[in-house]
Structure formats: structure tokens, C-alpha cells
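Participant: The following block contains a protein sequence and its predicted model.
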Amino acid sequence: MAEKKQKGTVNKGKVQEPREVVEPWGRAKGTKGAAAIHSLAPGAPSTAAAIQEGRVRAVVDAVLPVVDGGKFPVKRVAGEPVHVEAHCFTDGHDKLRAVLRWQAVNDDDIYEVDMTAQVNDVWTAEFTPPVPGRYRYTVTAWVDHFESWRRELGARDDQDDIRIALKVGAGLIDAAAGRAGADDGAALSSWAKLLRETADDERSHPDAAAMKAVALDPVRASIVARYADRRFAASAALELIADRKRAQFSSWYELFPRSAAAEPGRHGTFRDVQARLPYVARMGFDVLYLPPIHPIGRINRKGANNALNADADDVGSPWAIGSAEGGHKDILPQLGDLDDFKDLIRQAREFGIEIALDIAFQCAPDHPYVRSHPEWFKHRPDGSVQYAENPPKKYQDIYPFDFESDNWRGLWDELKSVMDYWIAQGVRIFRVDNPHTKAFAFWEWAIGEIKRVQPDVIFLAEAFTRPKVMHRLAKLGFTQSYTYFTWRTSKQELTEYFTELGSAPGREYFRPNVWPNTPDILHEALQSGRRAVFAARLVLAATLSANYGIYGPAYELMESTPREPGSEEYRDSEKYQLRHWPLDRPDSLWPLIERLNRVRRDNPALQSDRGLSFCPIDNDQLIAYVKHDPSSENTVLTVVNLDPYNTQSGWLELDLDALEIDAERTYQVHDLLSDQRYQWRGRRNYVILDPQRMPAHVFRLRRHLRSERDFDYFL
């Protein structure tokens, strides 16, 4: 249920009184300005109906936030205030009134707050979706004849004019009484009668001020406002998806269960992954992502390092899904059974970790679908099934689905049923492999249907493809999206890219999830093997984006050898063979990872992609940026040395006005990585970073609030 403090409902056109009002007709909780709460009047026409009704004079234009003119929903998280802005105006000099109405889709309860007029016909209001789900928000505006009358009456001085105006107002009040319930209707009728009697009372000769005082009573005027005449209102409606908090803020860790065994050479199991949970939790990750856990095909199985011919003991690629042992709803027997998997989910939750499952909609040649539904695949002229290709790359161990199949509806239903099955087992997060190679219409339908029933499910799109395609997938319903961060390494590239990600319109629907590495991508910068590079890229990922992840243990152990020169593939990749990882290696990055994830948890500014701004610094090898959260007054300044070989220094400039820091007083910067504290003064300050010690500062800024005689006077 939505908050009762903002409730006013309309059911089948019948007006209901607000169930609870905190400040009667005053400021509504969670809104700016004098936003009032009202019960809703029936009969407000839609925009299409208003166009056909020639007496509609109000205009509702440019409602924000919006995605593609309202074709796709805006994204927020439950509990996050949604600031709505609209351009509302009318002809002439009459007063306008605008309200923001919002409701959960398929819910009869409607909530309403008055919008506040800003400069240049801009109106604003806020609402807060309380729980995950799909919402509709509507800006409605109309000419307010009653308030127009009150304004004009206040400017009148002539007694005869005022007497006439009182009778006009009495008619408006009578009309409101007709729309009101019994008690309010009686009060308004009584007021209208008083105005007429005052206008007709020439014996007592009331002066202008006295007559206006009777007419401008704000308490009784507020009753009229509850029953405004909305017959000629204009409206514009948009939709919003509210996700749970983890959609906005999460720290992902990817590992291969088959490589989780404690001893070399043994195939890992779900129980081995359970034993790894304390390690993952200690580093501070809250999402543990597993590559596909299904049976792996034997026909055309790939060998070590993607060799075309596999040996008898080669384990194959987990993304070549399906064999005689089952398909997408089955588990590779070497990992365990369904009970073992559900035990893993339960154990992970006890550590504050959710299991994310890979969804890869493709088949090995011996997948049961190939035999039972050959119409779901493309066939060559010789009748054989067409395997996946991205010339010159060939994936002989994978058959893609044909989304132009005559039986496309059956294919859609079956693929959705795969996700439904794993949701029923307790999975609420999916990383979707190559969604850009499947039909857009399928994703829009499948994700929409799933989230209609399970609004807490999160979908991460692994689509390293063209920008417009990535953005389309996000608009269609994917909760988070992989990014180009992996290939953005220079100061200019990082600044331009994250400025773009944080700008409208993409910020309204595209949630980045940044990864410095994946099992498919060992960027050339990491191939140097230098600790400073791994540390710097980790800090950048964890502080630039509210959602980030690493593929481990390859990352914390600084795996850096490519399959061959010029390749981004790992040598001896886990995609094709078992690996054993010495987690207790003394040079592991896990202590830095643990510290960074704790910093993220402790600082709200790092838990959102809003509030990011880059700071001028006079050295191109240094990048500096601030994340600021006004609601908690939390500010984090990050400075990273992008040169892994040399110490770099420079003068950094902060916008102290935006951060509400007095430039004439000292303020504290607390390095949350080293725990060192410095006192700065003014806009420009000096920084120096030796990459051999630590290539980054992650400062928390603390304003000077008390005198030096007080203990801990920086907050």
C-alpha cells in the first residue's frame, strides 16, 4: 500500500474523502512548496477527450522525467523521491491549477499533490513510490475560476464592484457545493448565502475591507479547492518502474563453481561454492554471479583455450548448454542437484549475498530442444542446424534460436518458462548473455510479464554492442546494463563517457554496471600485470558507478596473461577448463576490495549514479571527481593516478559553493583507503599519488561546523 499520508482515492467515479491528512490542506510530506492533499473530483477528461472539447484552455507540455515521449517507462527505486516537472499554462490572465496524480498500475488507489508554480510556467511536485512495481504519474491542469475570482476580488476597491463580485463568487461556491459531500456541501452553501446577503445588505453599509474579508476566508476557500471544477482539464500521463534498492546499488562477484574446489584437479560443486561464501562476504560483495550451471553439450565440445577438438576429460564451455542430461531447467550433475543449489541460495542469503544466475538462450547441438523443436533453429541447405557465427569467429558448440520461427510464440513461452522456473527456485537476479542477439519484442514481453508478477526481479544485460542497441534494451526493461568502461582508460575517455551516462535522457532509464574484467575480456591495460593498474581500475569502477563487478579470483590475483598477443581472451581460460586459485596468496588485492566495498556501504553518495561531477586538475595523468548526496550531506572526492609507473601530482579545484563549504574556513578530507586526514582551505589544493604505494585517494569531505575547542569538529 502507498503512504496513507498522501492518500486520496477515486473508485468508479465516486469521490472519497482523504483517509488521513497530516496537515489539512497544507504542505504534503515529501513535496516542495505548498503542496496540498485533496480527494479527487470525477470527470477529468483524458488529453484526447480534451482536444475534442473546445472549452479546454489549459496546456500540459514537456512533462519530465520522460523516456522517448512516454513510449517507455522511467526508472527509479522504491523509496526514492521522483521529482516531476511540467510546463503548464493557459491563455489570458486566469489562474491555473496543476496537480500531480500517481498510482500503482492496476491499483485503484490514486494519490494526489498540488504542483507548485515556478518561474516561466514551470510547475513541480514530487512523489515517492513506496514498493517495487510499475506506476503511472499524471499531470493535470485546469483554469481555476474560483482562485482567479479571489485574486481579482483582492485587487478591487470600489464597493459596487465588490458587491457584484460577491454574487459571482457565491455562484462559484454553490457549484462547488454541488460537487461536495453532504457536510462540506452544507458549509459551502452557507458561505455562498452569506456572500449574497453581504452583497445585498445596503443598510449596514459594510466597507470594502469587511466585504472582502468575508469572501477571502482562506479556511472556507480550501474547502472549495477540494472540489475543483475539472471538466475542462488537460492531462498528460507517463509510466515509471520502481525497482528495489539493489537495482541501483550492488557489488557483483563472478566465479565459476567448477573451479571452486579446495584442491587442484577436482571438479567443484555447489557445496564448494558454499565454502567460498565467507571469502566473498568478507570482501563485501552482495551479488554472487554464477555462469550457466546447466548440463554442457558433448557434440562439438571445445577444448582448452577454445581448441576445436576436445580431449575426453575436457569440461567444455558452460555456455554450450544442453546434453542428454537435460537443458536450461536442469543442473550439471557434477555441480550437485537442485537441493544443493537451493541450499546455496539459502546459505548465501545468511551472508547478505544474492545468487545471480546466467541466462544464455542458446543450445549445444545435443540439447533436448534441438530434437524436440527443430523448428526453433535455422537450417543449412543440407538440413543441418546452423551454428552461431560472428565471422571470422565460429561457435560450433552453440546453436542460436531463430526468433523468426513460424512457431515463435511457442519459443517465447518456453524461454520465459525457463526464467519462471529459476525464479520459483529462489533466484531473483539474472545476468542475461548477449540479449542483443535475441528479438527486442521478446524481451519487452518476457521482462514485462515477469516483473508484473515479480517486480523485485533484476535483469542485467550483457550486451557489448552498439550504443543505440544497448539503450534500447534498457528501455525495454533490463534493470542494469554492462558498459564500455572496460575500454575507457584515459582521463578524457572516462570523463566524457561517465558525463554521458549521467546526462539526460539516458540517466532516466540506463543503469550502468561497470566491470574492469570479465571471463571474455582481459583488457590490454591489465595485461601489464602491474598491481597499480588493477588497483586503479578497481577504484574507478567502485566509485564512478553505483553498480560494479569483477570476475574473480582472476581479478584479485591479477591474472594478466592473454591467450596470444593482441587477444583479450585469458590464457587457460576458465570458460574451457578447470582452474585452481590460491586465495591466500599474499599479494592478493582482496584487502583493497574489502576496504572499497566497505567505503561504498558507508557512503550514500557512492550508492547512486546521480550527483557525479568531474573536477578540474592540472595534470592529465590525474582524474578527480566528486559524488554528492544532498539528502545525507555526504560527499566523496576520488582522485586516481592513471600512470602506473610514475608519481603524479597536481592542483585540484573544487566547486565549494555547490558543496556548501565555506571557502574561507578549513575543511577536512579523510582518505578512506589509508585513514589519513588532511585539512584543506579554499578551492585549490595540492594532491600527490605514488602508484607503487596506492594509486588513488577516496576522500570523504567534512565541513567545519564547530570551533577548534570542540572535539571532532568536522562533520
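Facilitator: The structure has been received and is ready for your questions. Numbers count the residues shown, from 1 in each chain.
Participant: From here on, just use CA atoms for contacts and neighbour counts.
Facilitator: OK.
Participant: Residue 95 touches residue 144, doesn't it?
Facilitator: Yes - the pair residue 95 / residue 144 is scored as a contact, 5.6 Å apart, by CA atoms under 8 Å.
Participant: tell me what the strand or helix carrying residue 481 is packed against?
Facilitator: Using DSSP states H and E, residue 481 sits in strand 480-482. Applying 3 or more CA pairs under 8 Å, 6 or more residues apart in numbering; DSSP states H and E, one finds that strand 480-482 contacts strand 458-462, helix 467-476, strand 512-514.
Participant: right, so those: which one is the most enclosed?
Facilitator: Among these, the stretch with the highest mean neighbour count (mean count of other CA atoms under 10 Å) is strand 512-514, at a mean of 27.
Participant: show me the contacts for residue 268.
Facilitator: 257-261, 334-335 (CA atoms under 8 Å, 6 or more residues apart in numbering).
Participant: which element is it on?
Facilitator: Using DSSP H and E, residue 268 sits in no helix or strand.
Participant: again with residue 694
Facilitator: Applying DSSP H and E, one finds residue 694 in no helix or strand.
Participant: List of residues touching the helix or strand residue 176 falls within?
Facilitator: Assigned by DSSP H and E, residue 176 belongs to helix 159-179. In this structure, residues lying in contact with helix 159-179 by CA under 8 Å, 6+ apart are 41, 145-146, 149, 153, 156, 184-189, 191-193, 195-196, 198-200, 207-208, 211-212, 215, 224, 227-229.
Participant: same check, this time on stretch 180-193
Facilitator: With contact meaning CA under 8 Å, 6+ apart, stretch 180-193 is reached by 169-171, 173-174, 176-179, 220, 223-224, 227.
Participant: Highest neighbour count among the residues you listed?
Facilitator: In terms of neighbour count, residue 173 stands highest of the contacts of stretch 180-193 at 28 neighbours, by other CA atoms under 10 Å.
Participant: coming back round to it: what remains of the contacts of helix 159-179 if I keep only buried residues?
Facilitator: 41, 145-146, 149, 153, 184-185, 188-189, 191-193, 195-196, 198-199, 208, 211-212, 215, 224, 227-229 (16 or more other CA atoms under 10 Å).
Participant: Keep only those of those residues that are in helices.
Facilitator: 145-146, 149, 153, 184-185, 188-189, 191-193, 195-196, 198-199, 208, 211-212, 215, 224 (DSSP state H).
Participant: quick one: which of the helices and strands packed on strand 480-482 is nearest residue 626?
Facilitator: With distances scored as CA to CA, the stretch of the helices and strands packed on strand 480-482 nearest to residue 626 is strand 512-514 (17.6 Å).
Participant: before we move on, the earlier item: residue 234: which of the helices and strands packed on strand 480-482 is closest?
Facilitator: Set against residue 234 and scored by CA to CA, the helices and strands packed on strand 480-482 come closest in helix 467-476, at 27.1 Å.
Participant: Check the gap between residue 643 and residue 525 for me.
Facilitator: Separation of residue 643 from residue 525 (CA to CA, to the nearest Å): 11 Å.
Participant: repeat for residue 232
Facilitator: Taken as CA to CA, the span from residue 232 to residue 525 is 63 Å.
Participant: Which of these two has more residues huddled nearby?
Facilitator: Legend: neighbour count by other CA under 10 Å for residue 232 and residue 525, higher for residue 232 (22 against 17).
Participant: For residue 216, the count of nearby residues, please.
Facilitator: Burial of residue 216 is recorded as 17 neighbouring residues (other CA under 10 Å).
Participant: swap in residue 108?
Facilitator: 12.
Participant: now for the helices and strands packed on strand 480-482, which one comes closest to residue 423?
Facilitator: Per CA to CA, nearest to residue 423 of those: strand 458-462, 10.8 Å.
Participant: Pairing partners for the closest one, with directions?
Facilitator: If you go by DSSP bridges, strand 458-462 pairs up with strand 429-433 (parallel), strand 480-482 (parallel).
Participant: Kindly export it (C-alpha atoms) in PDB.
Facilitator: Backbone C-alpha positions of strand 458-462 (Å, rounded to 0.1, in the frame of the first residue of the first chain) are rendered in PDB as follows:
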ATOM      1  CA  ILE A 458      16.600  -7.800 -11.600                       C
ATOM      2  CA  PHE A 459      17.900  -8.300 -15.100                       C
ATOM      3  CA  LEU A 460      21.500  -7.300 -16.100                       C
ATOM      4  CA  ALA A 461      22.000  -7.000 -19.900                       C
ATOM      5  CA  GLU A 462      25.400  -8.300 -21.100                       C
END
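Participant: contacting residues around it?
Facilitator: Contact with strand 458-462 is made by 247, 428-435, 473-474, 478-482, as judged by CA under 8 Å, 6+ apart.
Participant: returning to that earlier point: save the strands paired with strand 458-462 as CSV, and put in mean neighbour count too.
Facilitator: Shown next, in CSV, are the strands paired with strand 458-462 (neighbours: other CA atoms under 10 Å):
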stretch, mean neighbour count
strand 429-433, 23
strand 480-482, 23
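Participant: Dump these to TSV, plus mean pLDDT and distance to residue 381.
Facilitator: What follows is these, written out as TSV (pLDDT from 0 to 100; distance: least, CA to CA, whole Å):
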stretch	mean pLDDT	distance to residue 381
strand 429-433	98	29
strand 480-482	98	37
